[in-house]
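A.B. asks: model the following, please.
(one chain, ligands or ions: 1)
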Amino acid sequence: MRVYITTDLEGVAGVLLDQQVGVGEDHAEYQRARRLLTREVNAAVEGALAGGATEVLVDDGHAVGSNFIFDELHPKARYVMGTARPTWLPGLSEEFDATFFIGCHAMAGTQGAVRDHTMSSAAWHNMWINGKLMGEIGLWACVAGHYGVPCALVSGCAKACEEAAGLVPGIETVETKRGLSRYSAILEPAEKVQSMIRERAEQAVAKAKAIAPYRLDTPVEIRVEYNLTGQADEVTIMPGRERLDARTIAYRGADILDAMRMLF
Ligand SMILES: [Zn+2]
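C.D. replies: Residues are numbered from 1 along each chain as shown. You can find the predicted model right below:
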């Protein structure tokens, strides 16, 4: 039983503000957020192993992939870190039996979600995959589904959990906070979140087989509506790319990985 865990920082317990997610200057608050993320990762690894996983690979998915505190990571998993990756979710393949998304956030435009965005809050307004409005949770489900891997667990704010549950029936969720606005929330304490992640990760491994992988029809179209016309202007139109309107580009590929390779 192999488990692939991807991660982000915005959905981790206690994380709300720019200085916590490493925007701008390196900040003591960012160092604290990294520690919280690392502990949630360790909790997910522990739960996966307790549930019967024999191999766990964990992806450091936020920003340039250098958020985990390496020497504090669980010794029984392996880790994908660093930037300029050849694919999204590097290392994920048909050989895995379940995938988790720890610290995830809701898609751009979700009211009451903590730090809602899709890929880039500076550039992306909306994304549709085969006509369905999605965010990073959706992208994760589609890429995992490409490999036939079921999405078994997410942790993040209440709206992120809701988004995942709407997409993947039967997925286990851990609510880390309940947004009052984009930058404020009622927070669950860190230790409680970590023990919930451990517990639900164990359950998620046990029930993964009963969860259907998220399958897309092919070929695949990813439509991106940018914030500004100027951002769409910068996209070079070539085979597989079409300008649909002032702000929107369609990226087309034989499958989700192929379509993602076209993305600007
Ligand atoms: Zn993200």
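
A.B. asks: where exactly do the strands run in this structure?
C.D. replies: Ranges of strands within the chain are 2-7, 55-59, 78-80, 98-104, 124-129, 132-133, 151-157, 172-181, 184-187, 220-226, 241-243, 248-253, based on DSSP state E.

A.B. asks: near the ion at all, the second one?
C.D. replies: No - counting by C-beta under 5 Å from the ion, the ion has no neighbours in strand 55-59; the shortest distance is 12.0 Å. All C-beta spots, glycine's among them, are computed from the backbone N, C-alpha and C.

A.B. asks: in the stretch 1-150 of the chain, which residue sits closest to the ion?
C.D. replies: At 4.2 Å from the ion, residue 8 is the closest residue in the stretch 1-150 of the chain, using C-beta to the ion.

A.B. asks: show me what contacts that residue?
C.D. replies: Counting by C-beta atoms under 8 Å, 6 or more residues apart in numbering, residue 8 touches 61-62, 101-105, 136, 156.

A.B. asks: got the phi and psi for it?
C.D. replies: phi -140, psi 180 (degrees, to the nearest 10).

A.B. asks: quick check, pLDDT for it.
C.D. replies: Residue 8 carries a pLDDT value of 98.

A.B. asks: what of residue 24?
C.D. replies: So residue 24 comes in at 65 (pLDDT).

A.B. asks: take the contacts of residue 8 and lay them out in TSV including neighbour count, pLDDT and distance to the ion.
C.D. replies: Listed next are those as TSV, based on neighbours: other C-beta atoms under 10 Å; pLDDT from 0 to 100; distance: C-beta to the ion, whole Å:
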residue	neighbour count	pLDDT	distance to the ion
61	24	97	7
62	22	96	6
101	30	98	10
102	28	98	12
103	28	98	9
104	27	98	7
105	29	98	6
136	25	98	5
156	31	98	10
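
A.B. asks: closest to residue 184 out of the residues you listed?
C.D. replies: Nearest to residue 184 among the contacts of residue 8 is residue 105, at 14.5 Å by C-beta to C-beta.

A.B. asks: alongside the ion, which residues does the stretch 101-250 of the chain contribute?
C.D. replies: By C-beta under 5 Å from the ion, the residues of the stretch 101-250 of the chain that approach the ion are residue 136.

A.B. asks: and residue 208, what does it touch?
C.D. replies: Contacts for residue 208 were tallied using C-beta under 8 Å, 6+ apart; they are 97-98, 150, 152.

A.B. asks: wait, doesn't residue 16 sit right on residue 105?
C.D. replies: No - using C-beta atoms under 8 Å, residue 16 is not in contact with residue 105, being 11.2 Å away.

A.B. asks: give me the common contacts of these two.
C.D. replies: Residues touching both residue 16 and residue 105 by C-beta under 8 Å, 6+ apart: 114-115.

A.B. asks: any idea how far residue 200 is from the nearest residue to residue 38 once chain neighbours are set aside?
C.D. replies: Spatial nearest neighbour of residue 38, excluding adjacent residues (C-beta to C-beta, 6 or more residues apart in numbering): residue 69 at 4.6 Å. Per C-beta to C-beta, to the nearest Å, residue 69 is found 23 Å from residue 200.

A.B. asks: do the same with residue 55
C.D. replies: In this view, residue 55 and residue 200 are 20 Å apart by C-beta to C-beta.

A.B. asks: name the residue in the two with the higher neighbour count.
C.D. replies: For residue 55 and residue 200, the more surrounded residue by other C-beta atoms under 10 Å is residue 200, and the numbers stand at 23 against 16.

A.B. asks: tell me the contacts of that one?
C.D. replies: The contact partners of residue 200, taken as C-beta under 8 Å, 6+ apart, are 47, 153, 172-174.

A.B. asks: so residue 264 is in contact with residue 238, correct?
C.D. replies: No - using C-beta under 8 Å, residue 264 makes no contact with residue 238, being 10.5 Å away.

A.B. asks: looking only at neighbour counts, state which of those two leads.
C.D. replies: residue 264 (13 against 8).

A.B. asks: was I right about residue 74 contacting residue 41?
C.D. replies: Yes - Residue 74 is within contact range of residue 41, at 7.2 Å (criterion: C-beta under 8 Å).
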